[in-house]
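Undergrad: Need the 3D shape of this:
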Amino acid sequence: MPPPPGSAVAVSVRADHGRVELCVRDEGPGLSADERARAFDRFWRARQGGGGSGLGLAIVRRLVEADGGEVELAEAPGGVGLDAIVRLRAA
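TA: Next comes the predicted model:
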């Protein structure tokens, strides 16, 4: 489910020890720890629904890991929203 209309989505990028970290934070409903653990499974969709095929995050994880990176979902600070974090090797 997308964040509510008018809510913020923040994107940050930083370099750290030969890696690049991309973080996308939203103010949506977030996901429970169990949902975050399943979110990268093919065809899995959150209970809130919002359309989609359940393939987007599975594809992201495969592409990122194929390049030697990692991706994770974390609860946003303050417990509102979600942090999607992608770490890639710096070129």
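Undergrad: OK, contacts around Ile59?
TA: Shown in contact with Ile59 (C-beta atoms under 8 Å, 6 or more residues apart in numbering): no residues. Using the backbone N, CA and C atoms, a C-beta is placed for each residue, glycine as well.
Undergrad: Quick check: pLDDT value at it.
TA: The score at Ile59 is 95. That number is its pLDDT.
Undergrad: That one belongs to a strand?
TA: No. Assessed by DSSP: H, G, I helix; E, B strand; the rest coil, Ile59 does not belong to a strand; its assignment is helix.
Undergrad: ok, it to Arg89 distance?
TA: The spacing between Ile59 and Arg89, counted by C-beta to C-beta, to the nearest Å, is 19 Å.
Undergrad: Could you report the neighbour count for Cys23?
TA: Neighbours of Cys23 under the rule other C-beta atoms under 10 Å: 16.
Undergrad: Kindly apply the preceding question to Arg38 instead.
TA: Neighbour count for Arg38, taken as other C-beta under 10 Å: 14.
Undergrad: My read is that it contacts Arg47, right?
TA: No. At 10.7 Å, Arg38 does not count as touching Arg47 under the criterion of C-beta atoms under 8 Å.
Undergrad: what are the ranges of the strands in the protein?
TA: 9-16, 19-26, 70-75, 82-89 (DSSP state E).
Undergrad: Who are the packing partners of the first one?
TA: Under the contact criterion of 3 or more C-beta pairs under 8 Å, 6 or more residues apart in numbering; DSSP states H and E, strand 9-16 touches strand 19-26.
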